[in-house]
Every structure is written in structure tokens, then in C-alpha cells.
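J.: Fold the following and give me the result.
(one chain, ligands or ions: 1)
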Amino acid sequence: MTTFADLGLSQPVLQALDMKGYSTPTPIQEQAIPAVLKGRDLLGIAQTGTGKTAAFMLPGIDRLRENDKQIPFKSCRMLVLAPTRELAVQIADSARDYGALAGLKVQCIVGGTSVGKDRNKLHRGTDILVATPGRLLDLIDQKALNLNGIEVLILDEADQMLDLGFIHALRKIKELAPKERQTLFFSATMPKAIKELVSGFCNNPVQVSVTPQSTTAERIDQYLFMVQQDEKLSLLEMILKGRHDVPGTIERVLIFTRTKHGADRVVKRLSHAGIESNAIHGNKSQPQRQRALDEFRKGRVPILIATDVAARGIDIPGVSHVINYELPNVPEQYVHRIGRTARAGKEGIAIGFCAEDERAYLKDIRKVTGAELERLPLPDNFRAVVEGEGPTKPAPRTPMKRVNPRPLGQRKPQGDRRPQGERRPEGDRRPQGDRKPQQAHGSGGSGRPSGKGGGNGGGNGGGGDRGRGRGRPGGGGRPRSVNA
Ligand code: AMP
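T.: A predicted model of the protein is given here:
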């Protein structure tokens, strides 16, 4: 079995990997690291969850160490571009971990935070800079940053950057970066626009490709409730309160809605029911989004409501259940959503809520994934609960269920809660800085299934995956059918 040492990485990086507890390289790491260490350009077709961050960051760190140049004034030696703020923050954290013993300086600049602070961060330059394209260009325009010092340029989730309208930003960055550089280009899909971008950015790249989707989806058991649109909130509440059993032990639940408005509505309703949850979407400020993710990761608020774009690309460990509260109108998005569970080799559960007007979406999901989602029964007394908000009888047991050990997300007794004022909401100001992509807003409702990828708002002010022209992620395999 190949080890990280076999791949030619330096001692400080190997030690950092030891500290992280990684013993063996993932397939993309095994393929990419030797080529990057040789100085080759790279085209990686892979998505989050494959270990691609380490695949570019580990050899990238060693390239910088080997070149041994001074940190350039108001510039950086390695630039990593990422589509969303959360992903950028996550990459910067990884860079700090992986480069802990290499003595490299890491900075992260993203929209929705103070530009003044970013200017200060960059004044003396940095070894590694992780950035979203919009904020990067803002700082270049303000002469707080230049790209002259770049030795290694990395584009992560390039297809997502295009979807979010960053094409002009990317072209400008390409013009400004030195021609003599190494470029590592990552994308989950390879539509024509990406191929064109690759040929502009890369010079005879080594191509590596991994298809995690099939392996991930095989570990996900997929279920379905047929439930009316206006009954979904009641059903969700019953599940989260442990009044209606669903398969698996609920630990951390990621709930997807199609729109920002829908996400806020769920948070509000759950709050009325005494269940604490957070939402991440494009109308939340960066600190609010980061705090929601942190609380979810730490398990303090283990229920997170997200729109597609907001959650895309972020590594959220420990998600036991993904609930598709609203089915996505682009079937590939379903694969991305359920891939948030079953991370790092674990098993996961995906549950869809399908209303009458979403049947067309369900049909598309079945067609694209090949999965038969197993139908779960609604609670016996469900209608009574919904209509009269009557008392909920004990939930019926369905076969093969593991019983939830405890209701989830119920507010803790007051004494257990964090003292008021400790957690300061940073205000509702709109995230600034990152260029606002086109078609940023969702329809604000669930809409009729049109079979086309419109009305899928939310996320980083982003357009999300639209239309059906997109290929299946990573060449994706088929989720396992769970229909026994
Ligand atoms: P990524 O695709 O870069 O977002 O990585 C997905 C997850 O896998 C992250 O939580 C990484 O910390 C983790 N990871 C990356 N490489 C390895 C490895 N070789 N062994 C174990 N975990 C890894």
C-alpha cells in the first residue's frame, strides 16, 4: 500500500499529516501529489470529500519550501481561489494544519468581512492566500494586493465558480498572474466552458480523475415521505422531536430547502416548536454563516437548514441525516445534497419530503440516480396533528428502524445555555465584497416543477446549478437502490 512518504513529500509535511492522523493517501492524492511535486500543471476532476484539498495543498506547500523565496510585498506565493466563503475558510484551515511545521504564513480573504482588515493582512504579503474571486479583485482594485508573486495558482471547484458568475473575475486573474507559474485546476464536472478555461489556465496538465459519487452514494440509505407541502413542517417537527421514528440514529441533521425564504421559514417554525436550528444561505452575513457551521460541527445546534449553493463544497463531518425538505429541481443537486452524509467512510441516511407538485422532480431524481427511494409511512394520527394540532400519539414503529435515543434539538434547559450576549450576531448586513452573481435570487416559494433548472435561489448569493446541461458529478455512479 502506498504511503505519503512514497509520494515524495517532505518531513515537515509528513509530520503534519501524522498529527492529523492520516495514514494513507486517498486515490486523488496518490495520483496528484507526485505530478505536482515535479512541477507539472494539473487538472483534477474531483469533488469535495475525495481529499482533493490535501492533494493540492501538500505538494503545493513543498513546492513553496523548495523554491525558498521571500514573501512578496502585498502579494502571495500560492493563491487558492474558491467559490464560496465557507470553502475558502475551510481550505485556509487545512493549509494551516498541513503547513503547521513548514513555517508558512497563511491568509484568507472572503467577502462579507471587513475590507480594511484584509488590507492590513496583506500589507506584508503572505505565503499562501486563499480567496473568493470577488474580494480578491476588490483588493487588487484598491492596490492592496497584486498577483506578481504567484508561483502556484490553484482553482478549486472551478465549475462552481462559473456557476456563480465569476468567469470575468477568473479571466482577469489569469491576465494578472505571472505566466511562469504552476497551475492546479479542480472541477467536479467538465462542461465545455470549463474545458476552455482549463486550456487558458493550464499548460499541458496531467489529468487525474476520481469518481467518489458512486462509492459515497452506495453507503447512503435513501427514503421518502409523500407528504403535502403544507404538512411538511409538522412532519419535520415530529421527526426531530422523536415522535415519529425514521431509520438511523439522528445525530446531526442537514435539511435542504430550495430557497432562502424556505430555509428561514423552517428555522422560524422549528423555533416556535422549541427546536433550535440555524440556517445558512446567501442572505446571511459571513460571520452568521460561519457561526452556524461551527455550532453544527460542535453539535451545539445539530440542525442546520441550508440552500444548495450555501452548502456546496463545505465539508460538514458527522451528518447522520440529510433531509430534502424540498426536493431539488435539478436532479444532480440531489446527489450533491445526499453526499453531505456518509462522509469519511461512514454510513448515512437521506430522507426526501415529496409533495404532489414535486413528483416530476422525484421522477427525474430516480432517472438520474437509478435509486428507488423507499417510501416511509406518515404517522397514524398525522392528519389530526396537522389539522387540529392535536396530541401526538406514540409513533408507529416501522420495520428495520433503529429508534432515536432522544429527541433532537430540543432547547436545553436555560441553565445549560450559553450566557446571553456571548454569542454576538454580527448583524444582518448583506455580505459585501464578493461580486454579486447574476440570477442570484430564488423564487421564494416551492414553485411548480418545470423540469428546468430555474428558481433555485439561495446560497452565496449564487445561481446554483441550473439547467440540465450539467453532467453528473464526478462521472458519478448510482446510489444503491434500497427497495428490497
Ligand atoms: P476534501 O475533499 O479535501 O474536502 O477532504 C474531505 C475530508 O477528508 C476532509 O475532512 C479531510 O480532512 C479528510 N481527508 C483528506 N485526506 C485524507 C486522508 N488521506 N486520510 C483521511 N482523511 C483525509
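J.: Tell me, please, where in the protein the pLDDT is lower than the cut-off.
T.: Residues of the chain that meet the criterion pLDDT under 70 lie in 211-218, 312-314, 342-346, 389-484.
J.: Around the ligand, pick out the residues from it.
T.: With C-beta under 6 Å from any ligand atom as the criterion, the chain meets the ligand at residues 22, 25-26, 29, 48-54, 315, 344. For every residue, glycine as well, the C-beta is placed using N, CA and C.
J.: Would you mind giving these as TSV with secondary structure and neighbour count added?
T.: Formatted as TSV, the residues of the chain next to the ligand follow (DSSP: H, G, I helix; E, B strand; the rest coil; neighbours: other C-beta atoms under 10 Å):
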residue	secondary structure	neighbour count
Tyr22	coil	17
Pro25	coil	23
Thr26	coil	18
Gln29	helix	27
Thr48	coil	24
Gly49	coil	20
Thr50	coil	24
Gly51	coil	20
Lys52	helix	25
Thr53	helix	25
Ala54	helix	26
Asp315	coil	18
Ala344	coil	9
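J.: Distance to Val13 added to those, as TSV?
T.: As requested, the residues of the chain next to the ligand are arranged in TSV below (distance: C-beta to C-beta, whole Å):
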residue	distance to Val13
Tyr22	11
Pro25	12
Thr26	15
Gln29	12
Thr48	21
Gly49	22
Thr50	19
Gly51	14
Lys52	16
Thr53	14
Ala54	10
Asp315	20
Ala344	21
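J.: What are the boundaries of the helices in the stretch 151-300 of the chain?
T.: Secondary structure of the stretch 151-300 of the chain (DSSP state H, counting those that start in this stretch): helices at 158-163, 167-176, 192-201, 212-218, 232-240, 260-272, 286-298.
J.: and those as a markdown table, adding mean neighbour count?
T.: Conversion of the helices of the stretch 151-300 of the chain to a markdown table gives the following (neighbours: other C-beta atoms under 10 Å):
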| stretch | mean neighbour count |
| --- | --- |
| helix 158-163 | 25 |
| helix 167-176 | 16 |
| helix 192-201 | 15 |
| helix 212-218 | 21 |
| helix 232-240 | 24 |
| helix 260-272 | 19 |
| helix 286-298 | 19 |
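J.: May I see the domains of the chain written out as residue ranges?
T.: Structurally, the chain divides into domains by the TED database as follows: 4-209, 216-382.
J.: I'd like a version of the ones you listed in CSV, one that adds distance to Gly388 as further columns.
T.: Conversion of the domains of the chain to CSV gives the following (distance: least, C-beta to C-beta, whole Å):
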stretch, distance to Gly388
domain 4-209, 41
domain 216-382, 10
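J.: Select, out of the helices of the stretch 151-300 of the chain, the one closest to Ile280.
T.: Using C-beta to C-beta as the measure, helix 286-298 is the one of the helices of the stretch 151-300 of the chain that comes nearest Ile280, at 4.7 Å.
J.: just how off-centre is the closest one within its chain?
T.: A distance of 13 Å separates the centroid of the chain from that of helix 286-298, by C-alpha atoms, centre = their mean, to the nearest Å.
J.: for that helix, packing partners?
T.: Other helices and strands packing on helix 286-298, by 3 or more C-beta pairs under 8 Å, 6 or more residues apart in numbering; DSSP states H and E, are helix 85-98, strand 278-280, strand 303-306.
J.: Hmm, Ser187 and Cys202 touching each other?
T.: No: counting by C-beta atoms under 8 Å, Cys202 stays clear of Ser187, with 11.4 Å between them.
J.: Mind listing the shared neighbours of those two?
T.: The overlap between the contact sets of Cys202 and Ser187 (C-beta atoms under 8 Å, 6 or more residues apart in numbering) consists of Leu43.
J.: These two: which has the busier surroundings?
T.: Regarding Cys202 and Ser187, a neighbour count based on other C-beta atoms under 10 Å identifies Ser187 as having more, with 24 against 20.
J.: Enumerate every residue touching the more buried one.
T.: The neighbours of Ser187, taking C-beta under 8 Å, 6+ apart as the test, are 43-45, 155, 157-159, 194, 198.
J.: Look up the residues forming beta bridges with it.
T.: Taking DSSP bridges, one obtains Ile45 as the residues bridged to Ser187.
J.: CA atoms only for the helix or strand harbouring Ile140, dumped as PDB, please.
T.: Secondary structure from DSSP states H and E places Ile140 in helix 133-141. The C-alpha coordinates for helix 133-141 follow below in PDB (Å, rounded to 0.1, in the frame of the first residue of the first chain):
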ATOM      1  CA  PRO A 133     -12.600  35.900  -6.600                       C
ATOM      2  CA  GLY A 134     -14.800  38.900  -5.900                       C
ATOM      3  CA  ARG A 135     -12.900  40.000  -2.700                       C
ATOM      4  CA  LEU A 136      -9.600  39.300  -4.400                       C
ATOM      5  CA  LEU A 137     -10.400  41.700  -7.200                       C
ATOM      6  CA  ASP A 138     -11.700  44.300  -4.900                       C
ATOM      7  CA  LEU A 139      -8.400  44.300  -3.100                       C
ATOM      8  CA  ILE A 140      -6.400  44.400  -6.300                       C
ATOM      9  CA  ASP A 141      -8.500  47.400  -7.500                       C
END
